[in-house]
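*Asks:* Okay, here's the prediction I keep looking at, along with the sequence it came from:
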Amino acid sequence: MRTRARAFRIILAAAVGSGICSPLISAQDLPDHTARIADGVYSYGPGDDYISMFVVTDEGVIAFESVSSEHSTGFLQAIQEVTDEPVRFLLHSHNHWDHASGGQVFKDAGATLVAHAEAYAWMEANPGPDMVVPDESWSGSRHDITLGATTVELHYLGMNHGLGMTVFVLPEQRVAYIADLAVPNRVMFSVVPDFNIREWERSLEEILDLDFDRAVFTHNMASEPLQGGTKQDVQDNLQFIRDLRAAIYAEFQKGTNPMAVPGVVRLPQYEDWAGYDQWLEMNAWRVMMDDWMGPFPWRPED
Ligand SMILES: [Zn+2]
């Protein structure tokens, strides 16, 4: 693979020199589990249900989401098959162990690990078995990282899921990277852990206002997950939450015993989505609890 990639780069160098194509490798020369999203932007997902992203600049690589040591080892290898540029940054989306583990692999490769201050504080206080504390943190609602001619916008939208949840946008390429807040073709995740549902809805509306056309989603149940999706997927996830709430309230209106509502609620328009059979009832419990007890998790503004 590596030899083939190197040979291709030599041919490519000649082609670029003669001005007949852009300095990108073609689809058939991409490493396994890797897809091209835009100029210099690639997704990587080895079938472990987690998809990472990387952008190649002329001054190094920015990688998004380490996931685990196993995932990161394959991820780094894929990056190194695409480019000789070193990985300069590994950006964490949020605090949870299942997303933010494996950072040591990128640290060892010389990358700086970056997370929002709220994620950083949690990671420091709650060390996961495969997680290292990031090298740098940033605070507030917006931070930009520029490498070569590429800028990454880091957007913190406030409470929604986990801590320090960051939505990344590459404005020139019009590509976003979105973890957990939107998952194409899937109902909400099981018991909807660590989501403040009303704040999540607000955040999805704000994501729809960001400048991107295509997004790589960490979790993606569409037929070609590595290809990412669009704002329509974000809109569809938002609509699902609202349709589920409406269906719950329709049952209340009919006089259904509230304790029986999650078991009888149905949304046939989503029955093709992943998780529909296993999780719809759990989703309904969570939406109902949130509207009954009040929103959680919640914390005061600093
Ligand atoms: Zn999470």
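*Replies:* Here it is on my side, so go on.
*Asks:* hang on, isn't H143 packed against L154?
*Replies:* Yes - counting by Cβ atoms under 8 Å, H143 touches L154, with 4.4 Å between them. Just so you know, the C-beta spots here come from the backbone N, C-alpha and C atoms, and that holds for glycine as well.
*Asks:* Of those two, which one has the most company?
*Replies:* Using other Cβ atoms under 10 Å as the criterion, H143 and L154 rank with L154 on top: 21 against 17.
*Asks:* Remind me which helix or strand that one belongs to.
*Replies:* strand 150-156 (DSSP states H and E).
*Asks:* who does that strand touch, helix- and strand-wise?
*Replies:* strand 52-57, strand 142-147, strand 166-170 (3 or more Cβ pairs under 8 Å, 6 or more residues apart in numbering; DSSP states H and E).
*Asks:* Deepest in the core, which of these is it.
*Replies:* Greatest average neighbour count among the helices and strands packed on strand 150-156 goes to strand 52-57 (a mean of 26), per mean count of other Cβ atoms under 10 Å.
*Asks:* Now the residue most central in space within the chain: closest residue in space, sequence neighbours ignored.
*Replies:* By Cα atoms, centre = their mean, the chain has its centre lying nearest to A179, at 2.4 Å. Leaving aside its sequence neighbours, A179 sits nearest to S93 (Cβ to Cβ, 6 or more residues apart in numbering; 3.6 Å).
*Asks:* before we move on, what about E81?
*Replies:* P31 (4.1 Å).
*Asks:* Most distant residue from the centre of this protein?
*Replies:* Distance to centre of the chain, Cα atoms, centre = their mean, peaks at G255 (39.7 Å).
*Asks:* can you give me phi and psi for the closest residue to the ion within the stretch 201-302 of the chain?
*Replies:* Closest contact between the stretch 201-302 of the chain and the ion, by Cβ to the ion, is at T218 (8.6 Å). When read as degrees, to the nearest 10, the backbone of T218 gives phi -60, psi -40.
*Asks:* Please tell me I have it right and it contacts L181.
*Replies:* No - look at T218 against L181 with Cβ under 8 Å: they stay out of range, at 9.4 Å.
*Asks:* list the buried ones in the helix or strand containing I248?
*Replies:* Using DSSP H and E, the element containing I248 is helix 231-254. Neighbour counts over helix 231-254 (16 or more other Cβ atoms under 10 Å) mark 231, 233-234, 236-238, 240-241, 244-245, 247-248, 251 as buried.
*Asks:* Contacts for it, please.
*Replies:* With Cβ atoms under 8 Å, 6 or more residues apart in numbering as the test, helix 231-254 has contacts from 178, 181-185, 187-188, 197, 200-201, 204-205, 207-208, 212-213, 215, 217, 222, 258, 261-262, 264-267, 269-270, 273, 280, 283-284, 287-288, 291.
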